[in-house]
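Enquirer: structure for the following, please:
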Amino acid sequence: MSMVDITTKPAVFREAVAVGKLKLRAETIELIKKGKIEKGDPLYTAKIAGILAAKNTSAIIPLCHPLPLTNVKIEIKVKDETTITVTSTVRTRAQTGVEMEALVATTVALLTIWDMVKQYEKNTTGQYPFTTIEKIQVTRKIKTESQEEKLK
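Expert: Purely as a prediction, here's the structure:
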């Protein structure tokens, strides 16, 4: 077993976008909107957690290359009365892509929100029958010689 050898590959501009959803009870979404979550602002905290996760992906996924990330952007939106979406955009100029970094950023951001609101999601027996993380996927991947080419 070994890492993929990228020694001879040229460094090029790369970008990946990953999206995921968190389903919560409508009452929990209302508490988030009103700023009434006891632990603090879960959306702001999740943005920071997602950025940190992207930066540490190679420490989490055993054969993933450590990359010099040039930008990580986490967008979080309350889509409707029961859904929050997280979109992570990760950029680098490197020899391999940033799909794993985008996926890890999205996943950790979603988990952070869940952690911060879990006390409101439990039912009478302490279970989470309404809470789910769904559809985490890479929605875009770009590889070009330069960022300017991407914009054409």
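Enquirer: so, low pLDDT: which residues of this protein?
Expert: 146-152 (pLDDT under 70).
Enquirer: what is residue 77 paired to in the beta sheet?
Expert: Beta-bridge pairing of residue 77 under DSSP bridges involves residue 85.
Enquirer: who touches it in this structure?
Expert: By C-beta atoms under 8 Å, 6 or more residues apart in numbering, residue 77 lies in contact with 84, 85, 87. Where you see a C-beta, it was placed from the backbone N, CA and C, and this is true even at glycine.
Enquirer: any idea which helix or strand carries the residue nearest the centre of the chain?
Expert: Centroid-nearest residue in the chain: residue 106, 1.3 Å away (criterion: C-alpha atoms, centre = their mean). Assigned by DSSP states H and E, residue 106 belongs to helix 99-121.
Enquirer: helices or strands next to that helix in the packing?
Expert: strand 12-23, helix 26-33, helix 42-55, helix 57-60, strand 69-80, strand 83-94, strand 132-144 (3 or more C-beta pairs under 8 Å, 6 or more residues apart in numbering; DSSP states H and E).
Enquirer: for that helix, which positions count as buried?
Expert: Neighbour-count burial for helix 99-121 flags 99-114, 116-117, 120-121 (criterion: 16 or more other C-beta atoms under 10 Å).
Enquirer: residue 119 touches residue 42, doesn't it?
Expert: No: with contact defined as C-beta atoms under 8 Å, residue 119 and residue 42 do not form a contacting pair (11.6 Å).
Enquirer: any idea how far residue 61 is from the residue nearest to the centre of the chain?
Expert: From residue 106 over to residue 61 the distance is 14 Å, taken as C-beta to C-beta, to the nearest Å.
Enquirer: then residue 67?
Expert: 12 Å.
Enquirer: if you count surrounding residues, which of those two has more?
Expert: residue 67 (21 against 13; other C-beta atoms under 10 Å).
Enquirer: that one in helix, strand or coil?
Expert: Secondary structure, DSSP: H, G, I helix; E, B strand; the rest coil: residue 67 is coil.
Enquirer: for it, what are its contacts?
Expert: Taking C-beta under 8 Å, 6+ apart as the test, what residue 67 contacts is 57, 58, 92, 94, 96, 98, 101.
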